[in-house]
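Chemist: what's the 3D shape of this:
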Amino acid sequence: MISTTLSAFKKHSKEYLEKVTDDFDTILINTGKDKGLVMLSIDEYQALMTTQAELSEPLNQRRLFESKAAFDRGEGFEKELLA
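Modeler: Residues are numbered from 1 along each chain as shown. Below you'll find the predicted structure:
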């Protein structure tokens, strides 16, 4: 995550936009005392929305946390993916 001021963002907006779109960086723009905004790529935004939607379903949430707990107990396994 890159943090900047609004004036610096305005001055170097092209470079910041390239960092977001090309490098998938997230930009935090401070706009005043305890205020600001976050800029991220559309791909990152869609991934966050998908994750939020998946975790809003109690069954999916339970499966995820149960799987993580099993992995933490050493019950994980490797599987070869098809090409």
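Chemist: residue ranges of the helices in the protein, please?
Modeler: Here the chain has its helices, by DSSP state H, at 6-11, 13-23, 42-55, 58-72.
Chemist: Which among the ones you listed is found nearest to Gly32?
Modeler: Taking CB to CB, helix 6-11 is the member of the helices of the chain nearest to Gly32, at 8.2 Å. The C-beta positions use only the backbone N, C-alpha and C, and glycine is treated the same way.
Chemist: Can you mark which positions in that closest one are buried?
Modeler: Residues of helix 6-11 classed as buried by neighbour count (16 or more other CB atoms under 10 Å): Phe9.
Chemist: average model confidence for that helix?
Modeler: Averaging pLDDT along helix 6-11 gives 94.
Chemist: That one: how far from the chain's middle?
Modeler: A distance of 23 Å separates the centroid of the chain from that of helix 6-11, by CA atoms, centre = their mean, to the nearest Å.
Chemist: helices or strands up against it?
Modeler: Applying 3 or more CB pairs under 8 Å, 6 or more residues apart in numbering; DSSP states H and E, we find helix 6-11 packed against strand 27-32.
Chemist: swap the cut-off to 10 Å and go again
Modeler: With contacts taken as 3 or more CB pairs under 10 Å, 6 or more residues apart in numbering; DSSP states H and E, helix 6-11 sits against strand 2-5, helix 13-23, strand 27-32, strand 35-39.
Chemist: In TSV: those, plus distance to Glu80 and mean neighbour count.
Modeler: Shown next, in TSV, are the helices and strands packed on helix 6-11 (distance: least, CB to CB, whole Å; neighbours: other CB atoms under 10 Å):
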stretch	distance to Glu80	mean neighbour count
strand 2-5	38	14
helix 13-23	31	13
strand 27-32	38	14
strand 35-39	38	13
